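J.: below is the sequence, then the predicted model.
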Amino acid sequence: MNARQTAAEVVVVDYGLGNLRSVTRGLERAGAEIRLSDDPGDFASADGIVLPGVGAFSEGMDNAGPFREALIEQAEAGTPLFGICLGMQMLLTTSEEAEREGQGDVEGLDLVPGKNVRFRGDLKVPHMGWNELDVQRDHRLVDGVDGEYAYFVHSYYAEPEDSEAVVATTDYGAEFASIVANERGNVFGTQFHPEKSGETGLRILRNFVDICVEG
Amino acid sequence: MALTKRIIPCIDVDLDDEGNAAVYTGVNFEDLAYTGDPVEMAKKYNQAGADEFVFLDITASAEGRETMLDTVSAVADEVFIPLTVGGGIRTREDVKETLRAGADKVSINTGALERPELITDGARAFGNQCIVISVDARRRYDEAGEHYVDVDGESCWFECTVKGGREGTGVDVVSWAEEAEERGAGELFVNSIDADGTKDGYDIPLTKAVCDAVSTPVIASSGCGGPEDAYEVFTEAGADAALAASIFHFDEYSIDEVKRYLDDHDVPVRL
């Protein structure tokens, strides 16, 4: 067996924004073969799909518009779909961020039903820096990372409707969901940036690649 | 646990005689000592537990800038923690190419003072989180300021300077911090010309004045001589991150030693 047959082929959705270099290099380090793609036609043959993202929710959904149907289709087909930061928020149904900007009708992918809400109270926002992961339930993505630190930069966080969707929480003023997953387990996301979270982040990326290989 | 306080090594990158990127460290304000290869230093500090890196391009030349961006890419490919890059960033295009090279944030100083819309533009185009506004503050004891604090019984204000502190701008640091936040800066990077190179500790009144005025995270810089100084700037001034250069570069303290001291004194850090 050569490496080509065993490596996971992962599509990183490229919607023209942001720094994809770190996430690409991180996934390569974790053993994936990466295709940066803006062609939804590439999704079906992939072992896994990564939805990165920085910026605002409504812009993100705008940019992801051309990929929307293909992402939902792959999620339903059981392909591992990994949302990072805004990419995770886009897995939910809606966001207060869009409502604040008068774009309340902007809909997320609704693969993890729920809403993204803004931090409340007397807190510095964005929540920026290293914070601890408190794993709430089993999922292969979080093997070996309970109690470790990850790097966050965000002002909104996910509030899934189903508490079972919360894989890990983090404490910033109150506990919030820092990793979510759908019921079937093939759609998941991290609010933090694994590609910026040192060894802990690389462990999560390796776990993702394992999920892609094993199906 | 909660959000941890960050310890950030800062690397000044210039070109060596052969045109390669090299790290230099200021000693007593003026002399620069060759300190090492940027990628090797980044790897070393990553191993040692750095929470982020700051890279400052001190080449101030077009060819230097290109080498610098290659260096940023080389570091970003090796080290998976946040990377802030500053020095000579004046335009939206500069911001874009720096982020493309692999930086997560850009630190803007003079470019934003000259054209504050750069903050607004940059934040809108690339997100607030990647726009860091850096100030080189110096104390003034005259009547020209807007926000005054008492320091050792004397009333002073803080002025934004440019050209490494050699030129004043008349702009009040606290007012500028408020404006930068309003315009969408995601973080403030506060250097002190008075404290720089002294190793007598951070400028606490300066850092506190900025922390009290804004809700954006603040990185304190200049003057760190050891773990006690980091403790002081976190607990007395309210900084979110503490930056240091020479104490790490010259192995006076390791990042781990600083963090363990903070942990022993109940400051949350990532160990």
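T.: In hand now; what should we look at? Numbers count the residues shown, from 1 in each chain, chains lettered A, B, ... in the order given.
J.: in the helix or strand hosting A:E99, what counts as buried?
T.: Assigned by DSSP states H and E, A:E99 belongs to helix A:96-100. Buried residues in helix A:96-100, counted by 16 or more other C-beta atoms under 10 Å in any protein chain shown: A:96-99. Just so you know, the C-beta spots here come from the backbone N, C-alpha and C atoms, and that holds for glycine as well.
J.: run through the helices of the chain in chain order.
T.: I'll assume chain A. All helices of chain A, identified by DSSP state H, fall at A:3-6, A:21-29, A:57-64, A:68-77, A:86-89, A:96-100, A:198-214.
J.: the chain in question should be chain B.
T.: With DSSP H, the ranges of helices along chain B come out as B:38-47, B:62-78, B:92-100, B:110-114, B:117-126, B:173-183, B:204-213, B:227-232, B:246-249, B:255-264.
J.: out of those helices, flag the one nearest B:D150.
T.: Nearest to B:D150 among the helices of chain B is helix B:204-213; the distance by C-beta to C-beta comes to 7.9 Å.
J.: who does the closest one touch, helix- and strand-wise?
T.: Applying 3 or more C-beta pairs under 8 Å, 6 or more residues apart in numbering or on different chains; DSSP states H and E, one finds that helix B:204-213 makes contact with strand B:149-151, strand B:154-162, helix B:173-183, strand B:187-192, strand B:218-220.
J.: swap the cut-off to 6 Å and go again
T.: Where contact means 3 or more C-beta pairs under 6 Å, 6 or more residues apart in numbering or on different chains; DSSP states H and E, helix B:204-213 is packed against strand B:149-151, helix B:173-183, strand B:187-192, strand B:218-220.
J.: what's the spacing between the residue nearest the centre of chain A and A:F192?
T.: For chain A, the residue sitting closest to the mean C-alpha position, by C-alpha atoms, centre = their mean, is A:G83 at 2.0 Å. Distance of A:G83 to A:F192, given as C-beta to C-beta, to the nearest Å: 12 Å.
J.: and if you look at A:E96?
T.: In terms of C-beta to C-beta, A:E96 sits 20 Å off from A:F192.
J.: give me the residue ranges of chain B where confidence is low.
T.: B:1, B:26-32, B:60 (pLDDT under 70).
J.: and it, which residues reach chain A?
T.: B:1-4, B:6, B:51, B:76-77, B:80-82, B:99, B:102, B:127, B:129, B:215, B:217, B:270 (C-beta under 6 Å from any C-beta of the partner chain).
J.: ok, of the residues you listed, which come out buried?
T.: Taking 16+ other C-beta under 10 Å as the criterion, what is buried in the residues of chain B next to chain A is B:3-4, B:6, B:51, B:76-77, B:80-82, B:99, B:102, B:127, B:129, B:217, B:270.
J.: next step: the residues you listed restricted to strands.
T.: Of these, the ones assigned to strands by DSSP state E are B:R6.
J.: ok, so of the buried ones among the residues of chain B next to chain A, who is nearest B:K44?
T.: B:K44 lies nearest to B:I81 out of these, by C-beta to C-beta, at 12.7 Å.
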